[in-house]
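Undergrad: Have a look at this prediction, sequence included:
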Amino acid sequence: MNRLLPPDDYAPFNDLPVRYITCGKAERRLAIHVSGRFTVDQPPIVCVSGFVRNMTDFDDFMRHYRTIASIDWPFVLVDLAGRGRSSDYEPGNSYSAISDAHDLSTIARSLGISRAIFVGQGHGGQVIMALAAQHPTLLAAAVLINSGPTTNPRGLVRLRSNLRYLESVRGRDQIWVAQRKILAADYPGLADAKLDKLAARTHFVDNRGRSHGLFDPELVQFLDAFDHDDVFEPQWNLFDALTHIPLMLARTQMTDRLDNETFGQMIERHPGVATTRLAGEGSPALLNSEDEVEIIADFISRVGNPPRRWAHY
């Protein structure tokens, strides 16, 4: 791993100790956080974060979920390759949802998981679609948040611009100001202290006042190929791999990663899909309130004995 990592006592990671699973070549390790009581009756919830993001996006979700469920539900939080505390891909290999799905199946095998409920945000949801195509029996149910068979290119271009801008800023105070400005567009009205915590999930500042992403810089270079007026071909074959399982689709009000038209088409293609819309936030969904998490928890609680048609929220 060539990128600089934060100190061992980095606050966002403190409550999420990890173990490592080897995937591919022996030098590449994937970081996972495993917690809860694993039983035959409760399939674990496997959480997969967005394109340059990591497992910290699901810390609040996991905590609220256990409060609502009133049991120590089993969770597996995953840092995909090149994100968080996982190793980067080897030179010559490119990042893709297909490769990430192979890694997810390796993690499941290593943990002895035969069926699980997968929750994915953004790119994480696309990885889950690819996993469903590769290993359909592994999925007991899925929740996709701001994720579909294609990504709005405007969202990718804005992400690239924001990341490049942060690279150019120097000085701890200036970096925090820049991060707050960027994040406020997705989370209007969120207090500065909460914006700072959100920023720390993906970047840290070293002693010289330079910002470092908690992801492989190659991921940013991957975004250079896109322009705001590109037209992507939706991978409906991957989305349709989910039609055999209970599915919930969620979209935040201010996301620029999944447009309303595609979201509507996804609902039409999956009879009985559960849906929810989260107001007042962009990408990723914060999942930091019991009201938001309760909708997902209610869906998951019915997975073991699903009705013929899921309710729309």
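TA: Received the coordinates, thanks.
Undergrad: which residues sit in contact with the spatially most central residue of the chain?
TA: In the chain, the residue lying closest to the centroid (CA atoms, centre = their mean) is S49, at 1.6 Å. By CB atoms under 8 Å, 6 or more residues apart in numbering, S49 lies in contact with 55-58, 78-80, 83, 120-124, 284. Every C-beta, even on glycine, is put in place using the N, C-alpha and C of the backbone.
Undergrad: quick one: it and A225, what's the gap?
TA: According to CB to CB, to the nearest Å, S49 and A225 sit 22 Å apart.
Undergrad: do the same with P271
TA: 36 Å.
Undergrad: Please save the CA atoms from stretch 166-175 in CSV.
TA: Provided in CSV are the C-alpha atoms of stretch 166-175 (Å, rounded to 0.1, in the frame of the first residue of the first chain):
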residue,chain,number,x,y,z
LEU,A,166,-9.1,19.2,-1.6
GLU,A,167,-5.8,18.1,-3.0
SER,A,168,-4.9,21.7,-3.8
VAL,A,169,-5.7,23.2,-0.4
ARG,A,170,-3.0,23.6,2.2
GLY,A,171,-3.2,24.2,5.9
ARG,A,172,-5.4,22.4,8.5
ASP,A,173,-7.9,25.3,9.0
GLN,A,174,-8.2,25.9,5.2
ILE,A,175,-8.9,22.2,4.6
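Undergrad: L223 contacts S161, correct?
TA: No. Judged on CB atoms under 8 Å, L223 makes no contact with S161 at a distance of 9.3 Å.
Undergrad: The worst-scoring helix or strand of the chain on mean pLDDT: which residues count as buried?
TA: Within the chain, confidence by mean pLDDT, DSSP states H and E is lowest for helix 217-222 among all helices and strands, at a mean of 87. Of the residues in helix 217-222, 217-220, 222 count as buried by neighbour count, 16 or more other CB atoms under 10 Å.
Undergrad: nearest to G189, of those?
TA: Nearest to G189 out of the buried residues of helix 217-222 is V220 (CB to CB; 28.6 Å).
Undergrad: Let me see the contact set for the closest one.
TA: 52, 160, 163-164, 213.
Undergrad: Buried ones among these?
TA: For those, buried by 16+ other CB under 10 Å: 52, 160, 163, 213.
Undergrad: Find the nearest non-adjacent residue to M62, please.
TA: Leaving out its chain neighbours, the residue that sits closest to M62 by CB to CB, 6 or more residues apart in numbering is F75, at 5.1 Å.
Undergrad: Mind pulling the model confidence for that neighbour?
TA: On the pLDDT scale, F75 is placed at 97.
Undergrad: do S161 as well
TA: So, for S161, pLDDT stands at 93.
Undergrad: Show me what the helix or strand harbouring it packs onto, helices and strands only.
TA: Assessed by DSSP states H and E, S161 sits inside helix 153-168. The contact analysis (3 or more CB pairs under 8 Å, 6 or more residues apart in numbering; DSSP states H and E) places helix 153-168 against helix 172-184, strand 211-213, helix 217-222.
Undergrad: For G24, find the nearest of those.
TA: helix 217-222 (15.5 Å).
Undergrad: Following element in sequence after the closest one, please.
TA: Heading C-terminal from helix 217-222 (DSSP H and E), you reach helix 236-239.
Undergrad: Pull the residues that contact that following helix.
TA: By CB under 8 Å, 6+ apart, the list of residues contacting helix 236-239 reads 97, 126, 129-130, 132-133, 148-149, 266, 269.
Undergrad: Mind doing that once more with 7 Å?
TA: 129-130, 133, 148-149, 266, 269 (CB atoms under 7 Å, 6 or more residues apart in numbering).
Undergrad: swap in stretch 160-175?
TA: 178-179, 182, 203, 205, 209-211, 213, 220, 223-224.
Undergrad: possible to save those as TSV with distance to G24?
TA: Below are the contacts of stretch 160-175 laid out as TSV (distance: CB to CB, whole Å):
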residue	distance to G24
A178	35
Q179	33
I182	33
H203	27
V205	31
G209	36
R210	31
S211	29
G213	22
V220	22
L223	23
D224	25
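Undergrad: Find the pair from those with maximum spatial separation.
TA: G209 and D224 (26.0 Å).
Undergrad: can you give me the strands in the stretch 1-150 of the chain?
TA: 19-22, 29-35, 45-48, 75-78, 116-121, 139-145 (DSSP state E, counting those that start in this stretch).
Undergrad: Could you pull up the mean pLDDT of the second one?
TA: Which is strand 29-35. 97.
Undergrad: buried set for it?
TA: Of the residues in strand 29-35, those buried (16+ other CB under 10 Å) are 29-35.
Undergrad: Just give the strands next to it in its sheet, each with its orientation.
TA: Here strand 29-35 has these sheet partners by DSSP bridges: strand 19-22 (antiparallel), strand 75-78 (antiparallel).
Undergrad: Name whatever forms a beta bridge with V205.
TA: Bridge pairing for V205 - DSSP bridges - gives S211.
Undergrad: can you pull the contacts of the nearest residue to I107 once chain neighbours are set aside?
TA: The spatial neighbour of I107 that comes closest, neighbours along the chain excluded (CB to CB, 6+ apart), is I21 at 5.2 Å. Shown in contact with I21 (CB under 7 Å, 6+ apart): 29-30, 32, 106-107, 110.
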